[in-house]
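Undergrad: Predicted model follows, preceded by the sequence.
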Amino acid sequence: MEPYVILKSVLMFIALIGAFGYFFTKVTRLYKIMMAVDGEPKPFVDKVGVRIKILFTDVLGQTNVRRKLLPGLAHTLIFFGFLAIQPHSLELMVKGVIPVFDIGHSLPGLYKFYLFTADILGFFVLVGFVYALYRRLVIKPDYLTMGRDANLIILFTSVIVLSFHFINAFQLMMPVKADGFSYAGVFPVSEVFASVFGLGALSQTSILIGYELFYYIHIATILGFLIYIPGSKHLHLLAAAPNVFFKRLKIEKAMKKTDIEDEEAETFGLGRVQEFNWHNVLNLYACTECGRCEELCPASNTGKPLSPKKIIHDFKVDLLDQSDLLLNDKKDEIQPIMREGSELTSDVLWACTTCRSCEDICPVNNEHLDFIFEMRKNQVLMEASFPLEMQETFNNMENQSNPWGFSSDSRADWCKNMGVPLMADKSQAEVLWFVGCAGAFDDRGKKISQATTRVLQKAGVDFAILGAEESCNGDMARRAGNEYLAQMMIQQNVEIFSQYKFDIILTGCPHCYNTIKNEYPDFGAEYEVVHTVDYFNTLIKEGRLNINAKDFGALTFHDSCYLGRWNNIYEAPREILKKANAGSLIEMDRNKSTGFCCGAGGARMFMEETIGERINNERAKQVVTSGAAIVASACPFCATMLNDGIMETDQQIPIKDIAEILDEVTG
Ligand code: SF4
Ligand code: SF4
């Protein structure tokens, strides 16, 4: 064997062992960090078959990524192209160490088909990069990270693909192998490279030198990339697939119940990085920094300091910065996440409306709210730190079981003389209507409740309410981090529910709906919970409500976050509105899963909004832009927020709850 071949073999062996060894050391450390955190882990794996299918659709099929058309297509081209050239690169590495390795030549048909496909798909990577560069250099969306990391990755991968084509092009210029194997016709794109760069005119020596040169460039860049991945944002290449595999299978989700009775617990919620659970850490590793979450976030969009992308990034940086303490059993020296100099300030934490736009759009299925909820819990329960104005709201909920502080005895005053039965009088009914605090005390909400009553009465529904026995559902307190208070109110409701007989719980408020349906089961209360839009839709379909459609003009529907993104209810309200309105049903640009929050969720309804533009004003502008003559909603909080927002415009667009619209069109 020639000395050069022996030298190359030794060099390649050392380079491969060194690079892969370093890569595995770094990945092992990341894994150890993931396993060293103390947070209560999620249940491990269920429905493995379903999860494997999701890997095929979401990761291999790139369905999540392609929800954003052009960037998604570019990512798909890069993903498949890069994947396609890897076996060839691996073959080149092995050949570098073992020159006689020639597996491809023993399966010439299959091998040529693979090379042909890889050569074309490899070129697609370059096409994808052209768009990626255009986006970075020309479009420059605010939410996209433009750092050195992203540019280096584009450079690395471009060099890998270009050198791949040059290797192929030089290969084409070499004489046919002794075994008769020819590369003619298998590199359609690289053949163009060869012709464009005039490789055919080179001597055989130059061709050999050119081949070797691009071989080393290719392998060195791949190995450099390999070393770079675990410490870069491209860690998602390793973590995204497992993160998707372990994702929540249902859209509906409950906030984690904290055992506040646990006397041995040293802390509650998330205050330091060791309190993450392993799935949280996987979320951090999986983030691609694509910025889609920030693009849709109502807080980011209205000038608040909150960016869901940055939160995830900052958590990751903090975790890795403090990982030595984590791994060396010095957890007691770990600094709080919200500390002097930290960019995660209380203005960031409390700006979130919990709308879930970020989670819904995230291509790797990150769950930002798992972090935000737990951090709020920690701030309230451990640090007694929360927006000042929430103190009064907490007091009101504690004393009167509603956020406004109205006397709890007056909870049923809204329906005086309407013939609304109380559960305390009937003890059983087909429908237990959980009216909620807004429906019982807020002026706008009371009108919606009165309309709901009339609709139920017209349909002859056997229903009853709890009246003064009802407590706040707990949503506001929980999402504001006050788990003690939330659990106190939840327990009171659970106790009252257990005293009566009913088939379903009906709610007109998406927050009551979500909490009772998805979170009360953790407190032993498992009931069928139905929102009024679904219930009314069923009544219409069963012929129990007769509609005489009225011309409301161009009508648009504002999706409540807790009905839509939290519970996947998008169609029922639209079905009702199509029947009730003789005019047209139009959509705002941001609708259904990309619907823009009204600004009230996550207890924001009861907090000052002093930074940036008010979220409800921004939504009101979107209403005006849509050209709608009227807006329908299905949440008393949305109705109030939108109404306030519209008043800030020069338009007079009425906001009506679906119950109010149905009340108008039913006899
Ligand atoms: S839940 Fe909504 S407001 Fe909160 S970070 Fe996500 S997108 Fe922003
Ligand atoms: S959290 Fe998800 S949506 Fe947000 S930047 Fe990371 S990958 Fe993109």
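TA: Received, thanks. Ligands and ions are numbered 1, 2, ... in the order given.
Undergrad: could you check the distance from Ser190 over to ligand 1?
TA: For Ser190, the distance to ligand 1 equals 45 Å [Cβ to the nearest ligand atom, to the nearest Å]. (Each C-beta comes from the backbone N, C-alpha and C, glycine too.)
Undergrad: Name the nearest residue to that residue, sequence neighbours excluded.
TA: Nearest residue to Ser190, sequence neighbours excluded (Cβ to Cβ, 6 or more residues apart in numbering): Asn168, at 3.5 Å.
Undergrad: Tell me who's in contact with Asp179.
TA: Asp179 makes contacts with Asp102, His105, as judged by Cβ atoms under 8 Å, 6 or more residues apart in numbering.
Undergrad: Looking at it now. What's its pLDDT?
TA: As predicted, Asp179 sits at a pLDDT of 72.
Undergrad: Now it: phi and psi?
TA: Note on Asp179: its backbone torsions stand at phi -80, psi 10 [degrees, to the nearest 10].
Undergrad: re earlier: contact partners for the residue nearest to Ser190?
TA: Counting by Cβ under 8 Å, 6+ apart, Asn168 has contacts Leu115, Asp119, Tyr183, Phe187, Ser190, Phe193.
Undergrad: what's around the first one, how many residues?
TA: A total of 23 residues lie near Leu115 under the criterion other Cβ atoms under 10 Å.
Undergrad: Please give me every residue in contact with the closest residue to ligand 1 within the stretch 51-200 of the chain.
TA: Residue nearest to ligand 1 within the stretch 51-200 of the chain: Tyr143 (11.5 Å; Cβ to the nearest ligand atom). Going by Cβ under 8 Å, 6+ apart, Tyr143 touches Gly291, Arg292, Glu294, Glu295, Ser300, Ser307, Lys309.
Undergrad: hmm, try it at 6 Å
TA: Tyr143 is in contact with Gly291, Glu294, Glu295, counting by Cβ atoms under 6 Å, 6 or more residues apart in numbering.
Undergrad: from the chain's centre, how far out does the longest helix along the chain sit?
TA: For the chain, the helix that runs over the most residues, judged by DSSP state H, is helix 3-36. Centroid separation for helix 3-36 versus its chain: 34 Å, with Cα atoms, centre = their mean, to the nearest Å.
Undergrad: which is the next helix or strand following that helix?
TA: Later in the chain than helix 3-36, the nearest helix or strand by DSSP states H and E is helix 48-54.
Undergrad: What is the neighbour count of the residue of the stretch 551-667 of the chain found nearest ligand 2?
TA: Here the residue of the stretch 551-667 of the chain nearest ligand 2 is Thr594; by Cβ to the nearest ligand atom that distance is 12.9 Å. Using other Cβ under 10 Å, Thr594 has 17 neighbouring residues.
Undergrad: Also Gly303?
TA: Gly303, neighbours per other Cβ under 10 Å, totals 11.
Undergrad: And Lys53, by the same measure?
TA: There are 11 residues near Lys53, going by other Cβ under 10 Å.
Undergrad: same question, Gly460
TA: The burial count assigned to Gly460 is 9, neighbours taken as other Cβ under 10 Å.
Undergrad: Ok, Tyr134 next?
TA: Tyr134: 12 neighbours (other Cβ under 10 Å).
Undergrad: so where's the stretch 1-150 of the chain shaky on pLDDT?
TA: Applying pLDDT under 70 to the stretch 1-150 of the chain flags the ranges 1, 42-44.
Undergrad: For Met607, which non-adjacent residue is spatially closest?
TA: Setting aside the residues directly before and after it, Met607 is nearest to Pro387 in space (Cβ to Cβ, 6+ apart), at 4.9 Å.
Undergrad: From Lys32, how far off is that neighbour?
TA: Using Cβ to Cβ, to the nearest Å, Pro387 is found at 38 Å from Lys32.
Undergrad: ok, the nearest residue to Gly271 once chain neighbours are set aside to ligand 2 distance?
TA: Residue nearest to Gly271 in three dimensions, not counting chain neighbours: Asn378, with 4.2 Å by Cβ to Cβ, 6+ apart. Separation of Asn378 from ligand 2 (Cβ to the nearest ligand atom): 21 Å.
Undergrad: List the buried residues in the helix or strand of the chain with the lowest mean pLDDT.
TA: When the helices and strands of the chain are scored by mean pLDDT, DSSP states H and E, helix 103-106 comes last with a mean of 77. For helix 103-106, a neighbour-count test (16 or more other Cβ atoms under 10 Å) marks Gly104 as buried.
Undergrad: And for that helix, what's in contact with it?
TA: Identification of contacts with helix 103-106 by Cβ under 6 Å, 6+ apart yields Tyr111, Asp179, Phe181.
Undergrad: do that again at 7 Å, thanks
TA: The contact list for helix 103-106, computed with Cβ atoms under 7 Å, 6 or more residues apart in numbering, reads Glu91, Tyr111, Asp179, Phe181.
Undergrad: Same check on stretch 297-312?
TA: 143, 283-284, 287, 289, 291, 293-294, 344-345, 347-348, 351-353, 355, 357-358, 366, 368, 371, 596-597, 599, 611-613, 615, 618.
Undergrad: so who does the residue most central in space within the chain touch?
TA: By Cα atoms, centre = their mean, the chain has its centre lying nearest to Glu359, at 1.5 Å. Neighbouring residues of Glu359 by Cβ under 7 Å, 6+ apart: Asn366, Glu367, His368, Leu369.
Undergrad: And Gln491, by the same measure?
TA: Gln491 touches Phe523, counting by Cβ under 7 Å, 6+ apart.
Undergrad: how close does it sit to Asp522?
TA: From Gln491 over to Asp522 the distance is 11 Å, taken as Cβ to Cβ.
Undergrad: With Leu155 instead?
TA: Applying Cβ to Cβ, the value for Leu155 to Asp522 is 49 Å.
Undergrad: out of the contacts of helix 103-106, who has the most neighbours?
TA: That'd be Tyr111 among the contacts of helix 103-106, by other Cβ under 10 Å, with 19 neighbours.
Undergrad: filter the contacts of helix 103-106 by proximity to ligand 1?
TA: Near ligand 1, judged by Cβ under 6 Å from any ligand atom, there are no entries from the contacts of helix 103-106.
Undergrad: which of those residues sit farthest apart?
TA: Glu91 and Asp179 (16.0 Å; Cβ to Cβ).
Undergrad: what does the stretch 251-400 of the chain put close to ligand 2?
TA: Residues of the stretch 251-400 of the chain found near ligand 2 (Cβ under 6 Å from any ligand atom) are 287-293, 308-309, 312, 361-364, 366.
Undergrad: thinking again about what came up before, what's the closest non-adjacent residue to the residue of the stretch 51-200 of the chain closest to ligand 1?
TA: Closest to Tyr143 by Cβ to Cβ, 6+ apart is Gly291, at 3.3 Å.
Undergrad: Give the burial count for the residue lying closest to Met35 once chain neighbours are set aside, as a bare number.
TA: Distances taken as Cβ to Cβ, 6+ apart place Trp278 nearest to Met35, at 6.3 Å, with adjacent residues excluded. Using other Cβ under 10 Å, Trp278 has 18 other residues around it.
Undergrad: Please report how far Phe23 lies from ligand 2.
TA: Distance, Phe23 to ligand 2, using Cβ to the nearest ligand atom: 22 Å.
Undergrad: any idea how far the residue nearest to Ser190 lies from ligand 2?
TA: The gap separating Asn168 from ligand 2 is 33 Å, by Cβ to the nearest ligand atom.
Undergrad: helix or strand for that residue, which one?
TA: Assigned by DSSP H and E, Asn168 falls in helix 148-173.
Undergrad: ok, then the element right after that helix?
TA: That would be, after helix 148-173 and using DSSP H and E, helix 188-196.
Undergrad: Which elements pack onto that following helix?
TA: If you count contacts as 3 or more Cβ pairs under 7 Å, 6 or more residues apart in numbering; DSSP states H and E, helix 188-196 packs onto helix 108-134, helix 148-173.
Undergrad: Could you check that helix and say which residues are buried?
TA: Across helix 188-196, burial judged by 16+ other Cβ under 10 Å covers Val189, Ser190, Glu191, Phe193, Ala194.
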